[in-house]
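K.L.:
give me a model of this one.
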Amino acid sequence: MENNQCALPEQLKGGVYANSVAVTYGKEEFVIDFRLITPVENMVTARLIATPHLIFY
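P.N.:
Prediction:
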C-alpha cells in the first residue's frame, strides 16, 4: 500500500479561498491559477505549475 501522507507547512494548513480558476497550458507546462474575484479586486490566491506528465498521469 502506498503512503500518501506528507508534511504540510503551517501557513498552508488553512488553505486558500478561491471562487474562480483559470487554466493555461503550453507544450512544457500547465499553469492553474486559483482566483478570488470580488467587486473590489481580482487576485490569484494560489498557483499550480505542473508538467503535462503530472496532469495526465
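
K.L.:
where do the helices sit along the protein?
P.N.:
Counting by DSSP state H, the chain forms helices over residues 52-55, given from the N-terminal end onward.

K.L.:
centre-most residue in it?
P.N.:
L48 (3.7 Å; Cα atoms, centre = their mean).

K.L.:
which residue sits closest to T51 in space, ignoring its chain neighbours?
P.N.:
E29 (6.1 Å; Cβ to Cβ, 6 or more residues apart in numbering). Where you see a C-beta, it was placed from the backbone N, CA and C, and this is true even at glycine.

K.L.:
ah, wrong one, I meant V16
P.N.:
Distance criterion Cβ to Cβ, 6+ apart; nearest residue to V16, sequence neighbours excluded, is T45 at 4.2 Å.

K.L.:
touching, that neighbour and R35? I think so.
P.N.:
Yes: under the criterion of Cβ atoms under 8 Å, T45 makes contact with R35 at 6.6 Å.

K.L.:
what's the overlap in contacts for the two?
P.N.:
Between them, T45 and R35 share these contacting residues under Cβ atoms under 8 Å, 6 or more residues apart in numbering: A18.

K.L.:
in this protein, which spans are strands?
P.N.:
All strands of the chain, identified by DSSP state E, fall at 20-25, 30-37, 42-50.

K.L.:
just give me the neighbour total for A46.
P.N.:
15 (other Cβ atoms under 10 Å).

K.L.:
for V23, see how far away the nearest residue to it once chain neighbours are set aside is.
P.N.:
The shortest distance from A46 to any non-neighbouring residue, by Cβ to Cβ, 6+ apart, is to F34 (4.4 Å). Remark: distance between F34 and V23 (Cβ to Cβ, to the nearest Å) = 10 Å.

K.L.:
who has more neighbours out of those two?
P.N.:
Here F34 and V23 are set side by side on neighbour count (other Cβ under 10 Å), and the busier one is F34, at 16 against 10.

K.L.:
can you verify my assumption that that one contacts M43?
P.N.:
No: because the distance of 10.1 Å does not satisfy Cβ under 8 Å, F34 is recorded as not touching M43.
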